[in-house]
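Visitor: how would this look folded up:
(one chain, ligands or ions: 1)
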Amino acid sequence: MKLIIVGSSGFVGKALVRQAISSPAITSVVGLGRRETPVPEDLSNPADAAKLTSVVCDDFLNYSDEAKQKLSNADACIWLMAVTPNKSGAMPWDEVRKICLEYTIAGLETLSKLPRGNEAKPLRFLYVSGANTERDQTKKPWVMGDYCLMRGGVETRVLDFAKNSNGTIETCILKPGLIRDSQQGNMFINAFQNIATTFISLPIIYLDEVVAALLNQATKGFEKETLENADIARIGKEELVEREEALE
Ligand SMILES: NC(=O)c1ccc[n+]([C@@H]2O[C@H](COP(=O)([O-])OP(=O)(O)OC[C@H]3O[C@@H](n4cnc5c(N)ncnc54)[C@H](OP(=O)(O)O)[C@@H]3O)[C@@H](O)[C@H]2O)c1
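Guide: Numbering: from 1, shown residues only. Next up is the predicted model:
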């Protein structure tokens, strides 16, 4: 299958590209972003790097014909492009909203009009949001309220888009908590994160579980419309065990 990863240069994106190009179920990976998608280092099979195509785009509201051509005939798309809460304070709110909301909807509109890998099946669109986002616009969370409402609003728009897409798009919203890379960080950072996330009731999840769950759902189909943090951890753990067993 052909998989598009949007936001492939970021923290989750880089780990996802690595696992995706190593997956036998995935024959082609298109990494889309405002800069080149780096080829992962130290691949167990260096030949897998040939599966990756990097597409650099300078306007995420109007895709070039060349970009559209490279995005055509995909079976699934994982959308990671966003401004995360920790970076959102450093830029004007309108810009944050444009990147998180308008780029996502413009991307969906563009993808929905392109030829699909299997015309008989909808494109699987996985939108990665966050555990504490709020779809109900009358309930403002007490921490990062405007941001959480805005991201919850994007979730609603993505779900509505799929419902009105005449079967061209099916979507799954994933709501992970704080994503921790077990290979990075240290005990002081982890301890600080543990306290901060407890204070705001944000669960913690491991990066390899999030990535495994995303690939599981992209290749095997959606378990349900919205996957909460516990669902993502369960699916990711099961997927990692399955892979270990396949190697034995
Ligand atoms: N990290 C976490 O703990 C966590 C937890 C829950 C949910 N999430 C969600 O997971 C998704 C991915 O998060 P992440 O941690 O991988 O974030 P990240 O490292 O900041 O990556 C975000 C991606 O979006 C791209 N991007 C940002 N601004 C852009 C712009 N103006 N134009 C084009 N591309 C732009 C980045 O490109 P550049 O590389 O060029 O900057 C990068 O590829 C986000 O939706 C985030 O909210 C993350």
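Visitor: what does the chain put close to the ligand?
Guide: 7, 9-13, 33-35, 60, 80-84, 99, 128, 130, 176, 178-179 (Cβ under 6 Å from any ligand atom). In this view, the C-beta of every residue, glycine as well, is placed from N, C-alpha and C.
Visitor: and the buried ones among those residues, selectable in ChimeraX?
Guide: To isolate the buried members of the residues of the chain next to the ligand in ChimeraX, using 16 or more other Cβ atoms under 10 Å:
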select :7,9,10,12,13,33,60,80,81,82,83,99,128,130,176,178,179
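Visitor: not counting its neighbours along the chain, what's nearest the residue in the chain positioned nearest to the ligand?
Guide: Ranking the residues of the chain by distance to the ligand (Cβ to the nearest ligand atom) places G10 first, at 2.1 Å. The shortest distance from G10 to any non-neighbouring residue, by Cβ to Cβ, 6 or more residues apart in numbering, is to L80 (5.9 Å).
Visitor: which ones are touching that neighbour?
Guide: L80 sits next to 5-8, 10, 12-13, 16, 128 when contact means Cβ atoms under 8 Å, 6 or more residues apart in numbering.
Visitor: reformat those as JSON lines; add distance to E223 and pLDDT.
Guide: Listed next are those as JSON lines, based on distance: Cβ to Cβ, whole Å; pLDDT from 0 to 100:
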{"residue": "I5", "distance to E223": "20", "pLDDT": "98"}
{"residue": "V6", "distance to E223": "22", "pLDDT": "98"}
{"residue": "G7", "distance to E223": "23", "pLDDT": "98"}
{"residue": "S8", "distance to E223": "24", "pLDDT": "97"}
{"residue": "G10", "distance to E223": "25", "pLDDT": "96"}
{"residue": "V12", "distance to E223": "19", "pLDDT": "98"}
{"residue": "G13", "distance to E223": "22", "pLDDT": "98"}
{"residue": "L16", "distance to E223": "18", "pLDDT": "97"}
{"residue": "V128", "distance to E223": "15", "pLDDT": "98"}
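Visitor: what about those residues, which are in strands?
Guide: Mapping the contacts of L80 onto strands (DSSP state E) picks out 5-6, 128.
Visitor: please produce JSON lines containing the residues you listed, extended by distance to L52.
Guide: Below are the ones in strands among the contacts of L80 laid out as JSON lines (distance: Cβ to Cβ, whole Å):
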{"residue": "I5", "distance to L52": "9"}
{"residue": "V6", "distance to L52": "14"}
{"residue": "V128", "distance to L52": "20"}
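Visitor: which single one of these is nearest to T27?
Guide: Using Cβ to Cβ, I5 comes nearest to T27 of the ones in strands among the contacts of L80, at 14.2 Å.
Visitor: what sits opposite the closest one in the beta ladder?
Guide: Beta bridges link I5 to G31, I78 when assigned by DSSP bridges.
Visitor: pretty sure it contacts A76?
Guide: No. Using Cβ atoms under 8 Å, I5 is not in contact with A76; the gap is 9.5 Å.
Visitor: more neighbours: the two, which one.
Guide: I5 (29 against 26; other Cβ atoms under 10 Å).
Visitor: contacting residues for the more buried one?
Guide: Counting by Cβ under 8 Å, 6+ apart, I5 has contacts 13, 16-17, 20, 29-32, 37, 77-78, 80.
Visitor: which one of those residues is nearest to R124?
Guide: Using Cβ to Cβ, C77 is the member of those that lies nearest R124, at 7.2 Å.
Visitor: what about the residue lying closest to that closest one once chain neighbours are set aside, neighbour count?
Guide: Once flanking residues are discounted, C77 sits nearest to I4: 4.1 Å by Cβ to Cβ, 6+ apart. Residues contacting I4 under the criterion other Cβ under 10 Å number 27.
Visitor: this completes my enquiry, with thanks.
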